[in-house]
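Novice: Could you work out the structure for the sequence below:
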Amino acid sequence: MTTTNPTRVRKSILEIQRDYENGNTTELENLMTAWAGIKALDPSDLNSFFVIGGYHGEPFRGAGYGNSQWWGGWCNHGNVLFPTWHRMYLVRLEQALQSISGCENVMLPYWDETDEYSLKYGTPSCLTDDTFTYADGTVIKNPLVSFTFPVTITDNVSSDQSNGGGLYTKTVGYTTVRYPYSGLVGNPEDQKQTAIHNAQWPTSAEGNKVLNQNIVNWLNLSVVPIAPDGVNHTHPTTFPAGIYQAYKDCLNAPNYTVFSNTTSSQAYNDLLPSGAVPVMPLEQPHNDIHLAVGGADITTVPGQNFDASPIVGANGDMGENDTAGLDPIFFFHHCNVDRMFWVWQKKTGNLDTLEVIPEYPGTNSVDSQGPTPGVSGNVWLSMDSPLMPFTDANGNPYNSTHVVNIEKQLNYTYSIGSLDQLFWPETPTNEVQLMKSSDTNSTKTLIVSGANKAAISGSFIIAAHATVNGEKHLVGVKSVLSRNAIQGCANCQTHLGVKAHFSLNYLSPEIVANEAVEFTAEVIGHRPSNAGNTLKMDTVPNKSLKTSIR
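Specialist: Okay, here's the model as predicted:
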């Protein structure tokens, strides 16, 4: 796939928006025209947003349409193909944008989720504004806000077919939604309850205010030290534990396999010695953004209170794997994930080769979600595994070796955004990193095990706490991006357990060693329900949940 064409630049959408605000309107205008163009194409057109957005999950195709042995969509999660498959996915969407007349030079921008603007305000407004105005005064509906379905898609694989339809069936004319709204319209009762729920925010401005505050909360989540008497320290020191920190931490992953996905990193962290720093995979902050945009609330008093969703019934499309790819913001989010992938490659020197550790957890086609159509069940994944459904002009599937170096092979690069540096001071080695030990910091890790997906519908959160003298303090959170009805996925039934690793290096050794301090965890998600839109993010009983200190 190597080419000699000029390298083009994917910019921050905020940079493009600010150019527009300063009178340089062409780039944002062309982007809007391209997006409006692919959304208006016939749903059978291979360049249509309906087709390409639908590659991720619904509408299911190939073996996944009616066979529970396969994941219904083409996407890869929880395995080593996660970064490379989504990299190729973005290229395909970009090609479609460039197919619109006059938009041949359009590049897909990234939402820089850890820049100063996002940390303070959430999403750039061009991703949420109702309309867009061209320089000549023409006003159109903003194509980046949502997508209206041209046909009905059916939750075919799901076993949740109660009340006349699958929970994530979407009827023709349905328009995607984000937090705090609900998108459950699978049957008449869902439609009724969703209309009542969504009426709480009658204007998009009201809804976007809630959405952006939630994103800011997720990005900036923090924890604070705990005094021996169980009271938070009064000094201003806090320790970041949100998406911003997770993106920073993933850049320290020692190799591609554990960097690439949550399954491999979980296995790696399980085998670390005491005092070692848990690795953060790229897929984790990716999951967090999906939940922040799609339906899980984080409301906290830093270090103390945690409430996963006071807004009952919020079920946005980004929070559900089946429908996430049909919200346009998905691609701006994933463009930033791909940028962070490239930042890690630059930092570690893995520009031309990526190593998959043979037969490691996360390298089998049935790890986590199960095989995608085009990939056999229970086979070992490698850099040569096909990235279906993406093929070259001759119909040959692309694989990960074709998408390693974005500049040499794919003719694009990224502008310098947050967490990026032109020259990294050092290159991490494959050696295990140890926590810095001092008189005031613990080197221990809290391990939460036994979280059972079978008790939960869709995506969920694991929240860990330390209780001192009756006071409950937040230790950290981990989000898990999933599908609604895993009962309809046979492979999912063999991968029900989820673990989480939380560093305790912001606590004193005395607090961690104190037998009177109780470390606990809870799973917060949607309980399986046949009662329509009564789904809400709430504490879900998980009797097998356990905590341990290493």
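
Novice: Skipping its backbone neighbours, what lies nearest Pro358 in space?
Specialist: In this structure, Pro358 finds its nearest non-sequential neighbour in Trp380, 6.9 Å apart by CB to CB, 6 or more residues apart in numbering. For the C-beta atoms, the positions are set from N, CA and C on the backbone; glycine is no exception.

Novice: The one you found pairs with what?
Specialist: Partner residues in beta bridges with Trp380, using DSSP bridges, are Asn364.

Novice: hang on, isn't it packed against Asn364?
Specialist: Yes - applying CB atoms under 8 Å, one finds Trp380 in contact with Asn364, separated by 5.9 Å.

Novice: higher neighbour count, the two?
Specialist: With neighbours defined as other CB atoms under 10 Å, Trp380 and Asn364 compare such that Asn364 has more, 18 against 12.

Novice: count of neighbours near Asn217?
Specialist: Counted with other CB under 10 Å, Asn217 comes out at 17.

Novice: Which phi and psi values does it adopt?
Specialist: Backbone geometry at Asn217, expressed as degrees, to the nearest 10, gives phi -60, psi -40.

Novice: Tell me how far it lies from Leu291.
Specialist: Applying CB to CB, to the nearest Å, the value for Asn217 to Leu291 is 12 Å.

Novice: ok, longest helix in this protein?
Specialist: Here the longest helix in the chain is taken by residue count, with DSSP state H as the criterion, and it is helix 329-348.

Novice: Helix or strand next in line after that one, which one?
Specialist: Next in sequence after helix 329-348, counting helices and strands by DSSP states H and E, comes strand 386-391.

Novice: tell me what that following strand is packed against?
Specialist: Using 3 or more CB pairs under 8 Å, 6 or more residues apart in numbering; DSSP states H and E as the contact criterion, the neighbours of strand 386-391 among helices and strands are helix 82-98, strand 397-399.

Novice: quick one: contacts for the residue nearest to Pro358?
Specialist: Contact analysis of Trp380 by CB atoms under 8 Å, 6 or more residues apart in numbering lists 358-359, 363-365.

Novice: Now the buried members of these.
Specialist: Burial by neighbour count, 16 or more other CB atoms under 10 Å: within the contacts of Trp380 this picks out 363-365.

Novice: pLDDT and distance to Glu58 added to those, as JSON lines?
Specialist: Formatted as JSON lines, these follow (pLDDT from 0 to 100; distance: CB to CB, whole Å):
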{"residue": "Thr363", "pLDDT": "97", "distance to Glu58": "27"}
{"residue": "Asn364", "pLDDT": "95", "distance to Glu58": "25"}
{"residue": "Ser365", "pLDDT": "92", "distance to Glu58": "21"}
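
Novice: and of these, the nearest to Lys170?
Specialist: Nearest to Lys170 among those, counting by CB to CB, is Ser365 at 28.1 Å.

Novice: tell me the contacts of the residue nearest to the closest one when sequence neighbours are not counted?
Specialist: The shortest distance from Ser365 to any residue that is not its chain neighbour, by CB to CB, 6+ apart, is 4.1 Å, and that residue is Pro371. Contact partners of Pro371, counting by CB under 8 Å, 6+ apart, are 69-71, 365, 377-379, 491.

Novice: Show me how far stretch 387-396 is from its chain's centre.
Specialist: Mean-position distance between stretch 387-396 and its chain equals 25 Å (CA atoms, centre = their mean, to the nearest Å).

Novice: Buried residues in it, which are they?
Specialist: Taking 16+ other CB under 10 Å as the neighbour-count basis, stretch 387-396 is seen to contain the buried residues 387-390.

Novice: ok, now stretch 505-520?
Specialist: Of the residues in stretch 505-520, those scored as buried under the neighbour-count criterion (16+ other CB under 10 Å) are 505-509, 511-512, 517, 519-520.

Novice: Of those residues, which belong to strands?
Specialist: Applying DSSP state E to the buried residues of stretch 505-520, the entries found in strands are 519-520.
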